[in-house]
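Undergrad: Give me a model of this one.
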Amino acid sequence: MIYWNIFMAFFIPGILGYGGGPSSIPLVQQEVVEHYEWMTNQEFSEMVAAGNALPGPIATKMAGFVGYDQGGILGIIVAVFATVAPSLLLMIALLSVLMKYKESPYVKNLTKYIRPIIAVLLLVMTFDFAKDAWLSIGWISTLIIMIGSYLLLEKIKIHPAFVICIALIYGMVSTLF
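TA: Numbers count the residues shown, from 1 in each chain. Take a look at the predicted model:
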């Protein structure tokens, strides 16, 4: 029964939490603190604070924490699945509709207009990251990381995971000097 309760505690906020993880925090609090009484408000706020300090989506971090606390490893699996299941099901449904009408001129035009928008959003994000890096580590280190990453990824064809590790090591070493 605990796994069903864990599932419901995170599936319902996953359905109703339109806007992503931050919008589901009050819904998860209602389920975890008020409905099931697995935590106090103080414990919940500490969990959210710790979760915000870690990288990744807050909804899955909350699910993992509460799932493990209430049901161990299987609890984590159930809670995280319940968190992503609404989006997963909706994506499968939308993709099946999209695949059914993929030859439609409306669908073809839709994808033709979405690609440039995504490219612009990625470009804006890149400029924001570069500006933040420029301000925090300086322009020399920022250029070294940018040019080095480009060369490693595009010219030498190293896997992105290795490039990220190299950039992290460079960042750690450069802060020492």
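Undergrad: Mind exporting the C-alpha coordinates of stretch 151-160 to PDB?
TA: Provided in PDB are the C-alpha atoms of stretch 151-160 (Å, rounded to 0.1, in the frame of the first residue of the first chain):
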ATOM      1  CA  LEU A 151      38.100  22.400 -31.000                       C
ATOM      2  CA  LEU A 152      37.600  19.200 -28.900                       C
ATOM      3  CA  LEU A 153      34.000  18.700 -30.000                       C
ATOM      4  CA  GLU A 154      34.100  19.800 -33.700                       C
ATOM      5  CA  LYS A 155      37.700  19.200 -34.800                       C
ATOM      6  CA  ILE A 156      38.900  16.400 -32.700                       C
ATOM      7  CA  LYS A 157      35.500  14.800 -32.200                       C
ATOM      8  CA  ILE A 158      35.800  14.000 -28.500                       C
ATOM      9  CA  HIS A 159      32.600  12.900 -26.700                       C
ATOM     10  CA  PRO A 160      30.900  15.800 -24.900                       C
END
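Undergrad: Identify all contacting residues around that stretch.
TA: Contact with stretch 151-160 is made by 162-163, 166, as judged by CB atoms under 8 Å, 6 or more residues apart in numbering. Just so you know, the C-beta spots here come from the backbone N, C-alpha and C atoms, and that holds for glycine as well.
Undergrad: Just among those residues, which is most surrounded?
TA: Neighbour counts for these (other CB atoms under 10 Å) peak at V163, which has 18 neighbours.
Undergrad: Quick check: buried residues in the helix or strand that residue falls within?
TA: If you go by DSSP states H and E, V163 is part of helix 160-176. The neighbour-count check on helix 160-176 (16 or more other CB atoms under 10 Å) flags 163, 167, 170 as buried.
Undergrad: now those residues in TSV, with distance to G138?
TA: Shown next, in TSV, are the buried residues of helix 160-176 (distance: CB to CB, whole Å):
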residue	distance to G138
V163	20
A167	15
Y170	13
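Undergrad: Got the domain ranges for this protein?
TA: With domains defined by automatic domain parsing, the chain comprises 2-100, 105-176.
Undergrad: Could you single out the most deeply buried of the ones you listed?
TA: domain 2-100 (a mean of 16; mean count of other CB atoms under 10 Å).
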